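In: Fold the following for me, if possible:
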Amino acid sequence: MIREERTVFLTVLTFVVYASLQWLEKGSFLFPFPLNEIVIFGIFCYFLIINKSSRTKLSFFLGLVLFFKMVSQQFFWTLFLTNDSLEILYSSLWTDGFYLCYGLSFILFSYYFLSKKEGGNFWLVFTFCILVFLVGIVINQPMLELISFIFLIILGYRFNINRIVQAQLVLVSVFEIGKQLMHIY
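Out: From the prediction side, this is the model:
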């Protein structure tokens, strides 16, 4: 297990232990989901710092995906803005624009991630992944976004694309699963 995978494992373990303790204390599964995107982007920046020599277009586009996902969340802005400023921000289209940038950067990331695999069915796999993701964004269904992330993880492990990026995708997927579990319980 490489150090990036250990970091992801410890982060997931910390969040799962927290959620389990909340479940035991309060009887409901409470995942600290408002912090997900901030933690994911922080760990991505940590990975960039410790892997200075392996910065590629793939890591750049993954960074864009994670950044735009973070800034499209309303909780992120509550850390920096006052209530009056938040009302102005929410009434405008800024968060929607960031969410659109998140979708576009995911398309670019998926293209570069899937172009690393060998095989002749690249366009079929790429189209499937993007369609599932875009349908999830359009109908506001995070479960479809999660399916596209899991699909990328499976392909990454199958074709041994990039273990550092796979670790980041696993982290994003586990946190999204935590959000979905919280809605169920």
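
In: For the chain, list the residue farthest from the centre, please.
Out: When distances to the mean C-alpha position of the chain are computed (C-alpha atoms, centre = their mean), the maximum falls on D84, with 29.2 Å.

In: Could you say which helix or strand holds that residue?
Out: Element membership for D84 (DSSP states H and E) is helix 83-91.

In: and the helix or strand following that helix, how far from the chain's centre?
Out: Helices and strands here follow DSSP H and E; after helix 83-91, the next one along the chain is helix 94-114. Taking C-alpha atoms, centre = their mean, to the nearest Å, one finds the center of helix 94-114 at 11 Å from the center of the full chain.

In: helices or strands up against helix 94-114?
Out: When contacts are defined as 3 or more C-beta pairs under 8 Å, 6 or more residues apart in numbering; DSSP states H and E, helix 94-114 packs onto helix 57-71, helix 122-138, helix 142-159. In this view, the C-beta of every residue, glycine as well, is placed from N, C-alpha and C.

In: contacts for that helix?
Out: Surrounding helix 94-114, the residues in contact under the criterion C-beta atoms under 8 Å, 6 or more residues apart in numbering are 57-58, 61-62, 64-65, 68-69, 71-74, 77, 89, 122, 125-126, 129-130, 133-134, 137, 148, 152, 155-156, 161-162, 165.

In: now the angle from that helix to helix 142-159?
Out: In terms of direction (axes from the mean of the first three to the mean of the last three C-alpha atoms, to 10 degrees), helix 94-114 departs from helix 142-159 by 20 degrees.

In: Buried residues in helix 94-114, which are they?
Out: If you call a residue buried by 16 or more other C-beta atoms under 10 Å, then helix 94-114 has these buried ones: 95, 98-99, 101-103, 105-106, 108-114.

In: do stretch 132-147 as well
Out: Judged by neighbour count (16+ other C-beta under 10 Å), stretch 132-147 contains these buried residues: V132, F133, L134, G136, I137, L144, E145, L146, I147.

In: Adding pLDDT and distance to T14, write those residues out as CSV.
Out: Formatted as CSV, the entries for these read as follows, by pLDDT from 0 to 100; distance: C-beta to C-beta, whole Å:
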residue, pLDDT, distance to T14
V132, 89, 30
F133, 89, 28
L134, 87, 32
G136, 85, 27
I137, 83, 29
L144, 86, 27
E145, 86, 23
L146, 86, 21
I147, 88, 25
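
In: Which pair of the residues you listed spans the longest distance?
Out: Maximum pairwise distance among these (C-beta to C-beta): 13.9 Å, between L134 and L146.
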